[in-house]
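**Student:** test case, fold it:
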Amino acid sequence: MAETSCLISDVQLPDGSGVELQSRLADLGLTIPIIFITAYPNEALRARVIEAGAVCFLHKPFDGQLLIQCIDDALSGRGGKITAEQT
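**Tutor:** Now for the predicted structure:
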């Protein structure tokens, strides 16, 4: 069986949202580390996805090194809970 070690999702998807995806995966009992990316930062949404287990919540544009750090945290199980906003 294939295993997903990390999922990177935009908050806004063509047929729904990354937040809905996170909720559906949790309902199925799947605990996949998720890194969220958004162009529309919202503190309430950030708090919600982090509380639900997201590893990182990045605001576009962001430094690629920060994404690498989030992936490292997700793969190591550290769950860095990084949030970043670049101007």
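**Student:** longest helix anywhere in the protein?
**Tutor:** Under DSSP state H, the helix in the chain containing the largest number of residues is helix 64-76.
**Student:** surely Ile32 touches Leu7?
**Tutor:** Yes. Between Ile32 and Leu7 there is a contact at 5.0 Å, judged by C-beta atoms under 8 Å. Yep, even glycine has a C-beta here, placed from its N, CA and C like the rest.
**Student:** which helix or which strand is home to Phe57?
**Tutor:** Element membership for Phe57 (DSSP states H and E) is strand 56-59.
**Student:** if we can go back for a sec, mind listing what's buried along the longest helix of the chain?
**Tutor:** Across helix 64-76, burial judged by 16 or more other C-beta atoms under 10 Å covers Leu66, Leu67, Gln69, Cys70, Ile71, Asp73, Ala74.
**Student:** and if you look at stretch 41-57?
**Tutor:** Here stretch 41-57 shows Leu45, Arg46, Val49, Ile50, Ala54, Val55, Cys56, Phe57 as buried, counting by 16+ other C-beta under 10 Å.
**Student:** how about stretch 10-19?
**Tutor:** Val11, Ser17, Gly18, Val19.
**Student:** nearest to Ala26, of these?
**Tutor:** Nearest to Ala26 among the buried residues of stretch 10-19, counting by C-beta to C-beta, is Val19 at 10.8 Å.
**Student:** the residue nearest the centre of the chain and Ser23, how far apart?
**Tutor:** Centroid check for the chain by C-alpha atoms, centre = their mean gives Ile35 as the closest residue, at 2.2 Å. Distance from Ile35 to Ser23, counting by C-beta to C-beta, to the nearest Å: 16 Å.
**Student:** just Ile50 next, same as before
**Tutor:** With C-beta to C-beta as the criterion, Ile50 and Ser23 are 14 Å apart.
**Student:** which secondary element of the protein has the worst mean pLDDT?
**Tutor:** strand 82-85 (a mean of 55; mean pLDDT, DSSP states H and E).
**Student:** confidence score at Val1?
**Tutor:** Not Val; residue 1 is Met. Among the per-residue scores, Met1 shows a pLDDT of 50.
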